[in-house]
Every structure is written in structure tokens, then in C-alpha cells.
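Chemist: 3D model of this:
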Amino acid sequence: MRRGEVMSKRILSKKEQQILSENKNVLNVTSKSITYRPEFKIIAVKKNLMGISPMSIFIEAGFNLDIIGIKQPYRCLDRWRRVYKTNGVEGLRCDSRGKRVFQRV
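Modeler: Reported below is the predicted structural model:
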């Protein structure tokens, strides 16, 4: 890594994956991604809109910030708020995280 370069993606160890998978707010976890339960996303967005910080929401939900990263709660809430603003609660239930979703015409 060059000076000033920031590692954008963290690789989760098997132990970290195991710890995360035991959290009731996690639907799935791999070495490269965490899929959060839709119910958690909805609650998190509503709490955040009431003024609770992303970090507080994730800590209260039992996440270890040393594992997921201190910036992860902010990234997630930014994305989830955008989805909520555009598509409401239903958007959070089927958030495709940037993946193409094809609709029948």
C-alpha cells in the first residue's frame, strides 16, 4: 500500500464472521460483506432520524466496532437513509445495495 492510500474493504476472519453471525441483526456474513436484517435497517433509520448517532445505534444493537470498523455504521446509515427517502420502508426490506434489480414491464 502506498503512503496515504486507505484500504477500502476489510476482510473478516472466520472468527469475526462467527461473532457477527451470532448477532440477531445479521442475516448473512462473508469475509467481504455483512447483510443486515431488514428489521434492523428500518429501526436504525428511524432512530437515526430521531437524532441518535449511527455509532450509538450499532453499539446498542450489539456490534463490535473493532470488528466492523468505526466508519461502517455511518456508511450503512447514509445508504439506508437514501433508500428510505426514495423507496420508504419497502426499499429497506429489499435493498439491493447497488446491484441491478430487473423489473418486469
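Chemist: What is the neighbour count of residue 58?
Modeler: 23 (other CB atoms under 10 Å). C-beta coordinates here come from the backbone N, C-alpha and C atoms, glycine included.
Chemist: To clarify, my last question referred to residue 44.
Modeler: Counted by other CB under 10 Å, the residues lying close to residue 44 total 25.
Chemist: now do residue 20
Modeler: By the measure other CB under 10 Å, the count of residues near residue 20 is 20.
Chemist: Pretty sure it sits against residue 34.
Modeler: Yes. If you go by CB atoms under 8 Å, residue 20 and residue 34 touch, sitting 6.1 Å apart.
Chemist: which residues do these two both contact?
Modeler: 12, 26, 68 (CB atoms under 8 Å, 6 or more residues apart in numbering).
Chemist: just checking, which of the residues you listed belong to helices?
Modeler: residue 68 (DSSP state H).
Chemist: Narrow the shared contacts of residue 20 and residue 34 to those that are buried.
Modeler: Buried by 16 or more other CB atoms under 10 Å: 12, 26, 68, out of these.
Chemist: tell me which element residue 35 falls in.
Modeler: Element membership of residue 35 [criterion: DSSP states H and E] is strand 34-36.
Chemist: Pull up the pairing partners for that strand, direction included.
Modeler: Applying DSSP bridges, strand 34-36 is found paired with strand 26-29 (antiparallel).
Chemist: which intervals of this structure have sub-threshold pLDDT?
Modeler: Along the chain, segments meeting pLDDT under 70 span 1-8, 95-105.
Chemist: Report the central residue of it.
Modeler: Centroid-nearest residue in the chain: residue 76, 4.2 Å away (criterion: CA atoms, centre = their mean).
Chemist: That one looks like it's in a helix, true?
Modeler: Yes. Residue state for residue 76 (DSSP: H, G, I helix; E, B strand; the rest coil) corresponds to a helix.
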